[in-house]
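[1] How does the following fold in three dimensions:
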Amino acid sequence: MGLGDNREAPRPAPSAEKQPGQAAKYEQEPSREKERAERVDAAVAAQNEAMPPAAPAAPAKASAPAAPAKDFYHVRVERILEENLLDVYLSMPPAARARFKSEGEATALRLRSLIEQTKIKARDILNLIIHWLKIIPGVNRYFLEQEAKIKTDKILMLAKERQKEKETSLT
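    Numbers count the residues shown, from 1 in each chain. Presented below is the predicted three-dimensional model:
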């Protein structure tokens, strides 16, 4: 870790030696992502219950195109973008939340296409993420820069992983 690196080191799982009988407990727990998704769903549902019912929406068009299927890397990009933003997302007003979500999905799509390129520019990735994070009302500039840098680093690692996968599939 460098001097300016404020990220936390991952916590190791408790060993069976320190806490006997706990190993079976950890094997039965659902994954962190599943728990996080359940928390998000519960929080959104709770906020939706607290809100007054909206006017009936216009019927959807029958010829509306279906959303493209998300591949493995697209889902990974979305997961990277949403890391550490649950509290921020839930504290936003509903209008800002909807815009933040739609812009986030568009940003993830653009980042996914950048990953496929042969030459990847970190500055482009950083600019996309910063532009998306600026939607957060009252965001602290330093928080924004730090989160954007962390997310850019993770997406660059994902891009390297994708490039290695491409190279091995060609040979």
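[2] how about low-confidence regions in this structure?
    Filtered on pLDDT under 70, the chain yields the residue ranges 1-68.
[3] can you give me the helices for it?
    Ranges of helices in the chain, per DSSP state H, are 23-28, 32-50, 72-82, 86-91, 94-116, 122-133, 141-170.
[4] With mean neighbour count added, can I get these in TSV?
    Where you see a C-beta, it was placed from the backbone N, CA and C, and this is true even at glycine. Shown next, in TSV, are the helices of the chain (neighbours: other Cβ atoms under 10 Å):
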stretch	mean neighbour count
helix 23-28	9
helix 32-50	11
helix 72-82	17
helix 86-91	13
helix 94-116	16
helix 122-133	17
helix 141-170	15
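[5] In CSV, please show the C-alpha coordinates belonging to stretch 141-155.
    Extracted C-alpha coordinates of stretch 141-155, given in CSV (Å, rounded to 0.1, in the frame of the first residue of the first chain):
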residue,chain,number,x,y,z
ARG,A,141,-15.4,16.4,-4.3
TYR,A,142,-12.8,14.3,-2.5
PHE,A,143,-15.2,11.4,-2.0
LEU,A,144,-16.0,11.6,-5.7
GLU,A,145,-12.4,11.5,-6.8
GLN,A,146,-11.5,8.7,-4.4
GLU,A,147,-14.4,6.5,-5.4
ALA,A,148,-13.8,7.2,-9.1
LYS,A,149,-10.1,6.2,-8.8
ILE,A,150,-10.9,3.0,-6.9
LYS,A,151,-13.5,2.0,-9.4
THR,A,152,-11.2,2.9,-12.3
ASP,A,153,-8.5,0.7,-10.9
LYS,A,154,-10.9,-2.3,-10.5
ILE,A,155,-12.3,-1.8,-14.0
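[6] distance of Gly138 from Met92?
    Here Gly138 is placed at a distance of 10 Å from Met92 (Cβ to Cβ, to the nearest Å).
[7] Equivalent analysis for His131, please.
    Applying Cβ to Cβ, the value for His131 to Met92 is 17 Å.
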